[in-house]
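Undergrad: Need coordinates for the below:
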Amino acid sequence: MKKKIFTALLISSMLLISACGSKKDAGYKLKNTTTFEQTGYTIDLPDTWTRTSNTNTDLTFYYASSKNNEFTENITTMVQDISAYDYDLESYKDLSVSSYEDMGYKVKDCKKSSVDDNDCYIITSTAEGNDSKIYCKQMFVLKDKKAYLFTFAAEKEDYDKLSKQVDAIFDTVTFNDKVMTPAEP
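TA: Residues are numbered from 1 along each chain as shown. Reported below is the predicted structural model:
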């Protein structure tokens, strides 16, 4: 009987210790990064990503060694002013999932996480069109009546190849109170 109790306590302790461990996979190390600073946040990207201009986003990057002509792997960042709405993280997540589904995306995963001590959600989805299937991973944080969105999109093979690197990139996001004027790429 004592052996069963000891075994149960040992297993419980191991589960508790593993649950209290690091919440992020620290296995992927980014190399040769540049910090890009925008109003309210920064993000680090390795030199394998090239910045380009896009009027609909704060920052847009494409993967420099992309060999696919059908779809270029990309990371975009955007900040939405949501001060006119009464969203919390949960209601914004519900709206995002619903919007993805309304646009024909299939939501594969939606998990709560954190970045820079801020709760966030990470939504993984897919969309099909023109002989390709696009995989998307979007992380969003609500802070100071703004929604900060960080999105990665790629075809399946490239998504699988770059997903751990993108997770590491998303982990570099930090938030600040700095106000900046938009810079040219």
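
Undergrad: Do a quick rundown of the strands in this protein.
TA: Taking DSSP state E, the strands of the chain run over residues 33-38, 41-46, 49-52, 59-63, 74-81, 106-115, 118-129, 132-143, 146-155, 174-175.

Undergrad: Compute the inter-axis angle for the first one and strand 41-46.
TA: Right, the one you point to is strand 33-38. If you take axes from the mean of the first three to the mean of the last three CA atoms, to 10 degrees, strand 33-38 sits at 150 degrees to strand 41-46.

Undergrad: Identify the residues contacting strand 33-38?
TA: Applying CB atoms under 8 Å, 6 or more residues apart in numbering, the contact partners of strand 33-38 are 42-47, 51, 58-59, 77, 79, 172, 176, 178, 180. (Each C-beta comes from the backbone N, C-alpha and C, glycine too.)

Undergrad: returning to what we had before: now tabulate the strands of the chain in TSV and tack on mean pLDDT.
TA: Output for these, formatted as TSV (pLDDT from 0 to 100):
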stretch	mean pLDDT
strand 33-38	92
strand 41-46	95
strand 49-52	91
strand 59-63	91
strand 74-81	95
strand 106-115	96
strand 118-129	93
strand 132-143	93
strand 146-155	95
strand 174-175	95
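
Undergrad: From the centroid of this structure, which residue is nearest?
TA: residue 139 (3.3 Å; CA atoms, centre = their mean).

Undergrad: Could you measure from it over to residue 131?
TA: Distance of residue 139 to residue 131, given as CB to CB, to the nearest Å: 28 Å.

Undergrad: go on, residue 122?
TA: Using CB to CB, residue 122 is found at 28 Å from residue 131.

Undergrad: Of these two, which one has the most company?
TA: More crowded of residue 122 and residue 131, by other CB atoms under 10 Å: residue 122, with 17 against 6.

Undergrad: ok, now which ones touch the closest residue in space to that one that isn't next to it in sequence?
TA: Excluding the flanking residues, the one nearest residue 122 by CB to CB, 6 or more residues apart in numbering is residue 139, at 4.8 Å. Going by CB under 8 Å, 6+ apart, residue 139 touches 113, 115, 120, 121, 122, 149, 150, 151, 170, 173.

Undergrad: Residue 44 too?
TA: With CB under 8 Å, 6+ apart, residue 44 has these contacts: 30, 33, 34, 35, 36, 169, 172.

Undergrad: Likewise for residue 128?
TA: 104, 134 are the contacts of residue 128 under CB under 8 Å, 6+ apart.

Undergrad: picking up where we left off before, can you put the strands of the chain in a markdown table and add distance to residue 89?
TA: Shown next, in a markdown table, are the strands of the chain (distance: least, CB to CB, whole Å):
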| stretch | distance to residue 89 |
| --- | --- |
| strand 33-38 | 21 |
| strand 41-46 | 16 |
| strand 49-52 | 27 |
| strand 59-63 | 22 |
| strand 74-81 | 14 |
| strand 106-115 | 8 |
| strand 118-129 | 6 |
| strand 132-143 | 5 |
| strand 146-155 | 9 |
| strand 174-175 | 14 |
